[in-house]
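Participant: Here is a sequence with its predicted model. Questions after.
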Amino acid sequence: MNMNRMDILLWLAVQEDLGHADVTTEAVVDDGKTGGAVVIGRQSFVLSGTWPFRRVFELLDPRVTVEELAREGDFVRADIPVFRLEGPVRSLLTGERTALNFVQRLSGIATFTRRMVEQLKGTTCRLLDTRKTTPLWRSFEKAAVRHGGAFNHRFGLYDGVLIKDNHLAAVGGIAEAVRAARERAPHTLKIEVEVEDLDGLREAVAAGADVVLLDNFNLDMLREAVKIKRGHTLLEASGGVNIETVQAIARTGVDFISCGALTHSAGAIDLSMEFEV
């Protein structure tokens, strides 16, 4: 079987649970028995993770068929089936937990993200994720953010210049860091600088930063920052962002809000597989 990087991740997840054998299923279920199952949510949610859910079963046993009854990004009411499965019962049982773990976690991110995005109605602000993701799950989790209606920040260290406080400490200041980035980084990448106060913002704007990350600014500071910026400089607010604060932050006039909680603090959705054998 030809396996790409994401297939390998999913297969390792299967093996983590399976080990050398599903001893319970093999002990109590006859080989060759076939049947079906549906997956339903015990709560309303935004669906994400249909591909890893389906792919777990495809890698485990190609005889299993998975019918997707809703699309990623759909809002699904409680107790409405989202998947229907058919195939060998042993394989359905063996793959159940691993497949559900993916879709529960990813749907939790999408659902929480949707709640946050709804707080931004009436503003032009965009909600962004961060790199605070579960190791190796980043592709899935950032997709879940998109399914929830928000946008992705840089995917990794390689696809965006973001000069943070430790970079500034190593280099010696904002102006020098921006100058070096302009000289060495690909011209296709925007240059973003993290600042901790309004003086830092002024310096970053003067240095020609494309985007300025306002770290832990209070609302008054954010409003003042919007007045200070000029030209095409974009402002991103970060720090202290949650469901209670995100609307007020957006209404200050910043262009973006980045929120690590979208991926590191969203709870899993309660989903279960009900067998029909």
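Facilitator: That came in fine, so what should we check first?
Participant: all strands of the stretch 101-250 of the chain, in order?
Facilitator: 126-128, 161-163, 191-195, 211-215, 234-238 (DSSP state E, counting those that start in this stretch).
Participant: Quick one: the ones you listed as TSV, columns for mean pLDDT and distance to residue 94 too.
Facilitator: Glycine gets a C-beta too; all of them are placed from N, C-alpha and C. As requested, the strands of the stretch 101-250 of the chain are exported to TSV (pLDDT from 0 to 100; distance: least, C-beta to C-beta, whole Å):
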stretch	mean pLDDT	distance to residue 94
strand 126-128	98	38
strand 161-163	97	42
strand 191-195	97	45
strand 211-215	98	45
strand 234-238	98	42
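Participant: who wins for proximity to residue 115 among those strands?
Facilitator: Across the strands of the stretch 101-250 of the chain, residue 115 has its closest neighbour in strand 126-128 (10.7 Å, C-beta to C-beta).
Participant: Would you mind pulling the contact partners of that closest one?
Facilitator: Residues outside strand 126-128 that contact it (C-beta atoms under 8 Å, 6 or more residues apart in numbering) are 113, 116-117, 120, 149-153, 236, 246, 255-259, 262.
Participant: Buried among these? Make that a ChimeraX selection.
Facilitator: Entered in ChimeraX, the line below selects the buried ones among these, by 16 or more other C-beta atoms under 10 Å:
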select :113,116,117,120,149,150,153,236,246,255,256,257,258,259,262
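Participant: before we move on, back to that, any chance of the strands of the stretch 101-250 of the chain in JSON lines with distance to residue 50 as columns?
Facilitator: Compiled in JSON lines, the strands of the stretch 101-250 of the chain are given as follows (distance: least, C-beta to C-beta, whole Å):
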{"stretch": "strand 126-128", "distance to residue 50": "23"}
{"stretch": "strand 161-163", "distance to residue 50": "31"}
{"stretch": "strand 191-195", "distance to residue 50": "33"}
{"stretch": "strand 211-215", "distance to residue 50": "33"}
{"stretch": "strand 234-238", "distance to residue 50": "30"}
